[in-house]
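A.B. asks: structure of the sequence below:
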Amino acid sequence: MATLPADIALTPAAAARVAAIAARQGKPAILRLSVEGGGCSGFQYKFGLAEAPDADDTIASTGDVRLVVDGISLDLVRGASVDYVECLGGAAFRVTNPNAASGCGCGTSFAI
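C.D. replies: Prediction:
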């Protein structure tokens with residue numbers, strides 16, 4: 001497991017939301033970000049709570065909350081930041097990805 005804060009970041013707002021969700025579900029405060037093929041722009045972000053980091057994960061910590069990303073997905077999101085935003089359209093985790101050449105209007109998919 002690598003801990004390289006420059007590779008991926010978790011904002012305090014996102015960490016607070018992960019902690020609240022994890023506490024409600026009785027799970028560890030570990031958010032997994034992965035990238036899958038699909039979505040309207042070619043790749044899509046997938047979020048879920050993890051029980052523990054995997055051996056090849058990169059980990060970013062904000063307080064007691066960890067964000068974990070597998071090695072393959074990290075190549076597509078290196079340098080990104082995961083935030084939690086609330087607006088009139090709803091509330092969601094949002095990835096600011098410097099590697100994305102374009103994205104969709106909903107912010108859940110991107111192209112390289």
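A.B. asks: can you pull up the most central residue in this protein?
C.D. replies: residue 33 (3.9 Å; Cα atoms, centre = their mean).
A.B. asks: burial check on residue 19, number of neighbours?
C.D. replies: 16 (other Cβ atoms under 10 Å). In this view, the C-beta of every residue, glycine as well, is placed from N, C-alpha and C.
A.B. asks: how near is it to residue 31?
C.D. replies: Using Cβ to Cβ, to the nearest Å, residue 19 is found at 10 Å from residue 31.
A.B. asks: didn't the residue nearest to the centre of the chain look like it was pressed against residue 68?
C.D. replies: Yes - counting by Cβ atoms under 8 Å, residue 33 touches residue 68, with 7.4 Å between them.
A.B. asks: could you list the low-pLDDT ranges of the protein?
C.D. replies: Flagging of the chain using pLDDT under 70 yields the residue ranges 1-6, 39-41, 101-112.
A.B. asks: okay, helices next: where are they in this structure?
C.D. replies: 12-25, 71-77 (DSSP state H).
A.B. asks: can I get these in CSV with distance to residue 95?
C.D. replies: Output for the helices of the chain, formatted as CSV (distance: least, Cβ to Cβ, whole Å):
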stretch, distance to residue 95
helix 12-25, 10
helix 71-77, 7
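A.B. asks: closest one to residue 47 among those helices?
C.D. replies: helix 12-25 (9.2 Å; Cβ to Cβ).
A.B. asks: packing partners for the closest one?
C.D. replies: Secondary-structure packing of helix 12-25 (3 or more Cβ pairs under 8 Å, 6 or more residues apart in numbering; DSSP states H and E): strand 30-38, strand 42-49, strand 58-62, strand 65-69, strand 80-87.
A.B. asks: now with 7 Å, please.
C.D. replies: With contacts taken as 3 or more Cβ pairs under 7 Å, 6 or more residues apart in numbering; DSSP states H and E, helix 12-25 sits against strand 42-49, strand 65-69, strand 80-87.
A.B. asks: now distance to residue 25 too, for the ones you listed, in TSV please.
C.D. replies: Below are these laid out as TSV (distance: least, Cβ to Cβ, whole Å):
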stretch	distance to residue 25
strand 42-49	7
strand 65-69	14
strand 80-87	16
